[in-house]
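Asks: Need a 3D model of the sequence below.
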Amino acid sequence: MKKWIRLPGLLIFIVVVGLIALFWFVFADMLVKKGIEAGGSRAVGAKVELADADISLFPLGLDLTGLQVTNPDELMRNIVEIDHIHVSLETAYLLQRKIVSDEMLVDGVRLDTPRKVSGRLPDRPEPKKPEKDKDKKEGRLIELPKLSVSSVDDILKQEKLKTVEEVERFRSDIKAEREKYEALLKTLPDKQKLAGYQDRIKNLKGSKSLGSLFGAANEVSAVKKDIENDINQLKNVKGDLQGKVAEYQNRLVRLKDLPMEDFQRLKEKYSLSSQGLGNMALLLFGPQYGEWISKGISLYEKARPYLTKSNAGPEKVEEAAPVRGKGIDIKFREYEPIPDFLARIARVSLLLDVGDLKGEIRDIASDQTIYGKPVSFLFSGRKLKMINEVSFQGSLDRTAVNQAVDTVSGRFTGYRISDAVLSKDSGFPITLKNASADISLDLQIRNQQIESKVVSRLDSVVFSTGDTGENDLLRSAIRDALAGISQFQIKAGLTGTLEKNDVKVESDIDKVMGNAVKNAVTKQAKVFEDKLKQQLTEKTGGLLSGLDSSIGDFQFMDKELAERLKFGDGLLGDMKLF
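Replies: Alright, predicted model coming up:
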């Protein structure tokens, strides 16, 4: 009978299998560990370290322990640190070079943790430190102006008053006009010239001969014409003079209004205003919201490339001729296409400063356009260190080509706030000592366009403003207003793009604070305005006092012209006897 199994062949088989098994148990875990560290480091641009990796065969799975991912911008901190990851693998998909897991367990996730040694790669330079904004004052979130009266004396010295300029122009103009009419008056027919017409009229009355009467008729006509010409000259000049008098009287009325116009202009320029302090919520809470937004966007930008594979659509690749003897890879159509990586569900525990959160992430796929489902997540926690209850959920949708829609909504109940610094201004520090907040968040990022709304309701509010020794009117008003606030609501909106966005903050605290500031500003502004009006009146009052008399010279000339016209009209009356 022929032997089906030969002993030497069996021994060789056993030795080969044993060597393969030995290699597996000795080197497989190490190779996986080194592969993850090398690939992760290349992708991140900083060290990715793994304490241990363990591959199990029955059932097929992978356990990773002590994962640390360095922040490439801060090499002494980790972006994330994870205590343990367990991945169950489906064997059938491994044969297709795809990693598919029905369930992942991710325990002990910590964010932004310190490192003991730098995570810089040997071939990478040190990251550039961000330049500090030279215009930004460190340790200062809000600056409050001092409510002090500006020096009225200095203002009146440096400011050009329209009243003074116009008075000087008025005096110069009226002097020139007076000299003009005085010279013109000398050229006009005066009483002496008009009296000469009386002598001519008397001579005409004394003519008795017939020849004389014919000559007298011509002379009467000539005298009458001369008198009428002189009267017309006087009337024209008198009408022009009266027009000038009316013009200067109007200018004088206007001049008397100029001191008040100067007062209004200087008051608007130098007086105190509450306009800049109208949105106290933005001044107090805007910088903090801005800091949170900046950090959030920074983390999002860093994580976005790893959240999911690009959905820019298939690239057209030119087919190259196959290398002789090597053949080509042919990808056949899949009836149920699966991306290269897929985790249907990952159960995650987050270890945060506020406490531990548990949740799950579903449908983590390397290419959502193939899988057809977005990544979705849901986390929650109760009775945490600083908050009663937290829940937030959202999705990362790349299922459509060239479309990216990420959404997050969250609710935070009973968040306990203590010693939150709102203003680090050494002259007027403001701290939210205690408060309990309920916060709702709704955020959407669609193709780089961001839109967010945060509503916070705060109760049991206690503010502290410190005692710096500076007790001007504005600080006293704000201090008293803050002391009377026990609850308020804040609404913060964010619109724009990831690179350039705008934060709007509004609150019912604005009404309380606005009234306090307005009253303080009104009181101090009145002190300034009264002093300004007093000194302005003293400076301009003397200038205006002598202007009425300057118009009197024109009135004297007008009277003189009127007397000449009356005398001339009398002469014409005498001429009617002829």
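Asks: residues in contact with the closest residue to Leu547 other than its chain neighbours?
Replies: Of all residues beyond its chain neighbours, the one nearest Leu547 is Leu252 (5.6 Å), with distances taken as CB to CB, 6 or more residues apart in numbering. Just so you know, the C-beta spots here come from the backbone N, C-alpha and C atoms, and that holds for glycine as well. Contact partners of Leu252, counting by CB atoms under 8 Å, 6 or more residues apart in numbering, are 170, 547-548, 551.
Asks: Can you tell me the element Leu252 falls in?
Replies: helix 210-270 (DSSP states H and E).
Asks: what do you get for Val117?
Replies: Counting by DSSP H and E, Val117 is part of no helix or strand.
Asks: That one and Pro72: what is the separation?
Replies: According to CB to CB, to the nearest Å, Val117 stands 15 Å off from Pro72.
Asks: ok so, going back, which of the contacts of Leu252 count as buried?
Replies: Neighbour counting over the contacts of Leu252 (16 or more other CB atoms under 10 Å) leaves 170, 547, 551 as the buried ones.
Asks: Out of the residues you listed, list just those in helices.
Replies: 170, 547, 551 (DSSP state H).
Asks: Isn't the first one up against Asn250?
Replies: No - in terms of CB atoms under 8 Å, Phe170 does not count as a neighbour of Asn250; the distance is 11.2 Å.
Asks: ranges for the helices of the stretch 51-200 of the chain?
Replies: Here the stretch 51-200 of the chain has its helices, by DSSP state H, counting those that start in this stretch, at 91-94, 152-158, 162-187, 191-205.
Asks: And those: which comes nearest Leu432?
Replies: Nearest to Leu432, of all the helices of the stretch 51-200 of the chain, is helix 152-158, at 39.4 Å by CB to CB.
Asks: Buried residues of the closest one, list them for me.
Replies: For helix 152-158, by 16+ other CB under 10 Å, it's 152, 155-156.
Asks: Likewise for stretch 39-48?
Replies: Neighbour-count burial for stretch 39-48 [16+ other CB under 10 Å]: 40-41, 44-48.
Asks: hang on, the earlier thing: nearest to Gly410, of the helices of the stretch 51-200 of the chain?
Replies: Here helix 91-94 is closest among the helices of the stretch 51-200 of the chain (CB to CB), at 34.6 Å.
Asks: got any ranges where the stretch 401-550 of the chain has weak pLDDT?
Replies: 425, 427, 467-474, 517, 520-521, 524, 541, 543-544, 546 (pLDDT under 70).
Asks: just the helices in it please.
Replies: 473-483, 509-545, 547-575.
Asks: Those into JSON lines, with extra columns for distance to Ile345?
Replies: Formatted as JSON lines, those follow (distance: least, CB to CB, whole Å):
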{"stretch": "helix 473-483", "distance to Ile345": "49"}
{"stretch": "helix 509-545", "distance to Ile345": "44"}
{"stretch": "helix 547-575", "distance to Ile345": "93"}
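Asks: tell me the most buried of those helices?
Replies: Among those, the stretch with the highest mean neighbour count (mean count of other CB atoms under 10 Å) is helix 473-483, at a mean of 18.
Asks: can you give me the angle that helix makes with helix 509-545?
Replies: For helix 473-483 against helix 509-545, the angle by axes from the mean of the first three to the mean of the last three CA atoms, to 10 degrees is 160 degrees.
Asks: what about Met260, how many neighbours?
Replies: 14 (other CB atoms under 10 Å).
Asks: Equivalent analysis for the one 3 residues further on, please.
Replies: Number of residues near Phe263 (other CB under 10 Å) recorded here: 18.
Asks: pLDDT weak spots in the stretch 151-300 of the chain?
Replies: For the stretch 151-300 of the chain (pLDDT under 70), the answer is 151, 194, 197-199, 201-220, 270-280, 283.
Asks: Pop the domain breakdown of the chain in here.
Replies: The chain breaks down into these domains under automatic domain parsing: 15-114, 154-261+539-575.
Asks: how about TSV for those domains, with distance to Asp480 added?
Replies: Formatted as TSV, these follow (distance: least, CB to CB, whole Å):
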stretch	distance to Asp480
domain 15-114	40
domain 154-261+539-575	31
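Asks: Out of these, flag the one nearest Gly290.
Replies: domain 15-114 (18.7 Å).
Asks: what's the spacing between that closest one and its chain's center?
Replies: 46 Å (CA atoms, centre = their mean, to the nearest Å).
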